[in-house]
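Novice: Structure of the sequence below:
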Amino acid sequence: MSPKAFAALFIITAVTLVAAGFMTAQDRGFRAAEGVGEKVFPRLLDRVNDTASLVIDHARGRITLRRGADGWTMKEKLDYPARVVKIKRAILGLAQLKLAEPKTKAPEKFSKLELRDPGSAGAKSRLATLFDNDGALLAEIIVGKRRRTLPGSVTGGVYIRRPGENQTWLASGGAEITDEWLNWLERKIVDVDTARVKRVVIHHPDGQTLSVSKATAETKDFAIDNMPEGKKLIIESGPNAVGASLSALQLDDIEKASPPFDPKATVSTEVTTFDGLSVKVLSAKRDGNFWLRLEASGDGEAAKEADEIIARTGGWTYKISAYAASNIAKRLENLVEDAKPKS
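Specialist: Below you'll find the predicted structure:
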């Protein structure tokens, strides 16, 4: 056999062996697993707008988000308004989930993927269930650990398991199903842009009063009205925190407005703006937490804003952070010190 013929035979033989090896590998189970690439809920994308409730069961309880005439609310929080955009993203995220890779079927390994039964003590899984307006089931899935990066997906992936089944999956998609109820509530109480604020007056029940103001809307810093003689600001920008006390004010919890606060323990804070809005905040400390209620009024265009604030916050009492409370209930002594050090 000539060298050329030998070389040609060698190439043909090598190609044949590679092809045979590939076919054998496929026969031994190296094909893509059945279901890979398929949507977890094939028909859900066509029915996302039919979703009337999203129920999340977890080891510590349940979160029920439901859509009514006034929009999305949370049942467990007295039907307080919920975050519409977050809910819609969660529903759409579930509808877009695709099976990427089969994982373990062994229950003893579910914990590593955070896919134990949600009712189990200490479980980190969440059972997400969608219903339509008639109460018919649209989808349900146990959601586990997130995987932030996943080849071929810009949103990463998440480990999932169908209720009643042991087969677990890594699914591609960005379904964010948290078991933290606060993340589902509409947390904004009020948001008065600091640039609009003209004056903030704080009345304490012991008779002390703090007032800060700006001369114009363009003025950068707030100043203390009637600064006591012999005193100076501890920090030059200190009064600005008071002026910004109603900027992006968020709740930490809510309750229905109970009996009026005790006047002997209530701080009254009034914020007025250059364009005619007036917001009055009544705040009090109870069981170590800070709670407040709002009143509002306005002139001209600001009257509409005041009406919106009243319609949204009336009848509710809000728990706020200690930091937010410190600005709403600031005292003069928190902002000033002696101008000359004591000898």
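
Novice: Tell me the buried residues in stretch 242-259?
Specialist: Across stretch 242-259, burial judged by 16 or more other C-beta atoms under 10 Å covers 242-247, 249-252, 254. (Each C-beta comes from the backbone N, C-alpha and C, glycine too.)

Novice: Tell me which two of those sit farthest apart.
Specialist: By the measure C-beta to C-beta, 243 and 254 form the most distant pair in the buried residues of stretch 242-259, at 25.7 Å.

Novice: Let me see the ranges of the helices in the stretch 1-150 of the chain.
Specialist: 3-25, 84-95 (DSSP state H, counting those that start in this stretch).

Novice: So for the longest one, mean pLDDT?
Specialist: If I follow you right, that is helix 3-25. Over the span of helix 3-25, the pLDDT mean works out to 42.

Novice: cool, the shortest one as well?
Specialist: Across helix 84-95, pLDDT averages out at 98.

Novice: buried set for it?
Specialist: Neighbour counts over helix 84-95 (16+ other C-beta under 10 Å) mark 86-87, 90-95 as buried.

Novice: What of stretch 186-195?
Specialist: Neighbour-count burial for stretch 186-195, counted by 16+ other C-beta under 10 Å, picks out 186-187, 189-190, 192, 194.

Novice: Quick check: end-to-end length of it?
Specialist: End-to-end distance for stretch 186-195, by C-alpha to C-alpha, to the nearest Å: 24 Å.

Novice: about what we covered before: could you provide the buried residues of stretch 242-259 in JSON lines, with additional columns for pLDDT?
Specialist: Formatted as JSON lines, the buried residues of stretch 242-259 follow (pLDDT from 0 to 100):
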{"residue": "242", "pLDDT": "98"}
{"residue": "243", "pLDDT": "98"}
{"residue": "244", "pLDDT": "98"}
{"residue": "245", "pLDDT": "98"}
{"residue": "246", "pLDDT": "98"}
{"residue": "247", "pLDDT": "98"}
{"residue": "249", "pLDDT": "98"}
{"residue": "250", "pLDDT": "99"}
{"residue": "251", "pLDDT": "99"}
{"residue": "252", "pLDDT": "99"}
{"residue": "254", "pLDDT": "98"}
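
Novice: Quick one: end-to-end distance for stretch 109-122.
Specialist: 15 Å.

Novice: How about stretch 177-194?
Specialist: Calculated as C-alpha to C-alpha, the first-to-last residue distance of stretch 177-194 is 34 Å.

Novice: isn't residue 37 right next to residue 101, touching?
Specialist: No - using C-beta atoms under 8 Å, residue 37 makes no contact with residue 101, being 10.3 Å away.

Novice: Between the two, which has more neighbouring residues?
Specialist: Using other C-beta atoms under 10 Å, the more surrounded residue of residue 37 and residue 101 is residue 101, with 15 against 10.

Novice: tell me the SS of the residue lying closest to the more buried one once chain neighbours are set aside?
Specialist: In space, and not counting its chain neighbours, residue 101 is closest to residue 170: 4.4 Å by C-beta to C-beta, 6 or more residues apart in numbering. Assigned by DSSP: H, G, I helix; E, B strand; the rest coil, the conformation of residue 170 is strand.

Novice: tell me the domain ranges of this structure?
Specialist: The chain breaks down into these domains under automatic domain parsing: 44-184, 188-338.

Novice: and the nearest residue to residue 339 once chain neighbours are set aside, what is it in contact with?
Specialist: Distances taken as C-beta to C-beta, 6+ apart put residue 232 closest to residue 339, at 4.5 Å, once the chain neighbours are dropped. By C-beta atoms under 8 Å, 6 or more residues apart in numbering, the contact set of residue 232 is 336-339.

Novice: Residue 232 pairs with what?
Specialist: residue 337 (DSSP bridges).

Novice: Quick one: low-confidence residue ranges for the stretch 201-343 of the chain.
Specialist: Within the stretch 201-343 of the chain, the stretches falling below the threshold (pLDDT under 70) are 341-343.

Novice: which stretches of it form helices?
Specialist: Here the stretch 201-343 of the chain has its helices, by DSSP H, counting those that start in this stretch, at 238-243, 301-313, 322-328.
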